[in-house]
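Asks: no sequence on this one, just coordinates:
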């Protein structure tokens, strides 16, 4: 079981199961949210996620064709997770909110390198994609 919280500690969560994927997203949206760095995330099963305390606020952009919904602490604004139609039954959990980040030793994938900044570092041997890789049938 993994646990985590927001910056002020008001919003706490737990999530079970193993990570479906570990990644770094370099898209411009994630750079806004992270303060300029890639966004490190775990894709986790939604069924094993629950908030333990605190209240969330959500934000969904209305100008995107397939927007994601982001959940934040309603008190301090820490971005906890993202829900996306690209990941039904899963959440995209922000690694920095975990109490123990050691589960994220390195990403399995780096995406949206088309928006990568010169100061973003890449891990050797990690597959990279200019956009979001779509599954093929």
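Replies: Ah, there it is. Small disclaimer: the values here were computed from a predicted structure and weren't measured.
Asks: for the rest of this, base every contact and every neighbour count on C-alpha atoms.
Replies: Noted.
Asks: check contacts around the closest residue to residue 40 other than its chain neighbours.
Replies: Counting by Cα to Cα, 6 or more residues apart in numbering, residue 40 lies nearest to residue 24, which is 4.5 Å off, once chain neighbours are set aside. Residue 24 sits next to 38-41, 107, 109-111 when contact means Cα atoms under 8 Å, 6 or more residues apart in numbering.
Asks: do the same with residue 38
Replies: Residues counted as contacts of residue 38 (Cα under 8 Å, 6+ apart) are 24-27, 30-31, 116, 120.
Asks: repeat for residue 80
Replies: Residue 80 neighbours (Cα under 8 Å, 6+ apart): 5-6, 70-73, 93-94, 97.
Asks: what about the closest residue to residue 12 other than its chain neighbours, how many residues nearby?
Replies: If the residues on either side of it in the chain are set aside, residue 12 comes closest to residue 5, at 4.3 Å by Cα to Cα, 6+ apart. Residue 5 is flanked by 23 other residues according to other Cα atoms under 10 Å.
Asks: do the same with the one 10 residues further on
Replies: Each residue near residue 15 was counted by other Cα under 10 Å, and the total is 19.
Asks: what pLDDT does the model give the residue nearest to it when sequence neighbours are not counted?
Replies: What sits nearest to residue 15 in space, not counting adjacent residues and going by Cα to Cα, 6+ apart, is residue 49, at 4.2 Å. You'll see residue 49 listed with a pLDDT of 97.
Asks: residue contacts, residue 49?
Replies: Contact partners of residue 49, counting by Cα under 8 Å, 6+ apart, are 13-16.
Asks: quick one on the thing from earlier: drop the exposed ones from the contacts of residue 38 and show what's left.
Replies: Taking 16 or more other Cα atoms under 10 Å as the criterion, what is buried in the contacts of residue 38 is 24-27, 30-31, 116.
Asks: inside strands: which ones of those?
Replies: Mapping those onto strands (DSSP state E) picks out 24-25.
Asks: output the lowest mean pLDDT helix or strand found in the protein.
Replies: Across the helices and strands of the chain, mean pLDDT, DSSP states H and E gives its lowest value to helix 28-34, namely a mean of 87.
Asks: so which bits of it are buried?
Replies: Neighbour-count burial for helix 28-34, counted by 16+ other Cα under 10 Å, picks out 28, 30-31, 34.
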